[in-house]
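Visitor: okay, sequence plus prediction incoming.
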Amino acid sequence: MILGTFIRGPGWYLFPPWQYWDVHKTVAITNMNLPELLGVRSEVGSWIVGFVALSVWLIAIPQAFWMARGKKSTTLQKLGIVRYWITAQLFMIMLGTVVKVVLRMGFSVKYVLATPWINV
């Protein structure tokens, strides 16, 4: 709340308390969508890359973990497949937020999936 109230200025730029709030400050925004960063330029190709990335993150990784540990772990056996998938999806969404922040800050990735309807 302190950051949003006292340090953010016009245009959502960061202004330290000792700096003048210049409304004409321009900052080059170089963020790119993940498919563009990977070299995919077409709209449909971009959607495919984004859906594949999200499918791997939300389905393939939890499925691989279940296949590797499902029979060996008594905790996963007690949890059951339905409760495992609910827990896995919530965990992957929660961890996805952290991964998205790392992608944004480290690699200037704006969106993993960008469609006219939804951006993730």
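Guide: In hand now; what should we look at? Small disclaimer: the values here were computed from a predicted structure and weren't measured.

Visitor: what about the residue nearest to Trp47 when sequence neighbours are not counted, neighbour count?
Guide: Leaving aside its chain neighbours, Trp47 sits nearest to Thr115 (6.0 Å; criterion: Cβ to Cβ, 6 or more residues apart in numbering). C-betas here are computed from N, CA, C, even on glycine. Look at Thr115: counted by other Cβ atoms under 10 Å, it has 13 neighbours.

Visitor: could you report the pLDDT at the residue most central in space within the chain?
Guide: Per Cα atoms, centre = their mean, the C-alpha nearest to the average position across the chain is that of Lys100, at 2.9 Å. At Lys100, the pLDDT value in this model is 93.

Visitor: which residues are in contact with it?
Guide: Val112 (Cβ atoms under 8 Å, 6 or more residues apart in numbering).

Visitor: now do the biggest helix by length in the chain: distance to the chain's middle.
Guide: When secondary structure is assigned using DSSP state H, the longest helix within the chain turns out to be helix 81-107. What separates the centre of helix 81-107 from the centre of its chain is 8 Å, taken as Cα atoms, centre = their mean, to the nearest Å.

Visitor: for the residue nearest to Phe51 when sequence neighbours are not counted, phi and psi?
Guide: Once flanking residues are discounted, Phe51 sits nearest to Leu113: 6.5 Å by Cβ to Cβ, 6+ apart. Torsion angles at Leu113 (phi, psi; degrees, to the nearest 10) stand at phi -130, psi 120.

Visitor: I'd say Leu113 and Trp57 touch.
Guide: No - the criterion here is Cβ atoms under 8 Å, and Leu113 misses it with Trp57 at 10.4 Å.

Visitor: ok, Ile93 - contacts?
Guide: If you count contacts by Cβ under 8 Å, 6+ apart, then Ile93 has Leu58 around it.

Visitor: secondary structure element holding Phe65?
Guide: Using DSSP states H and E, Phe65 falls within helix 61-69.
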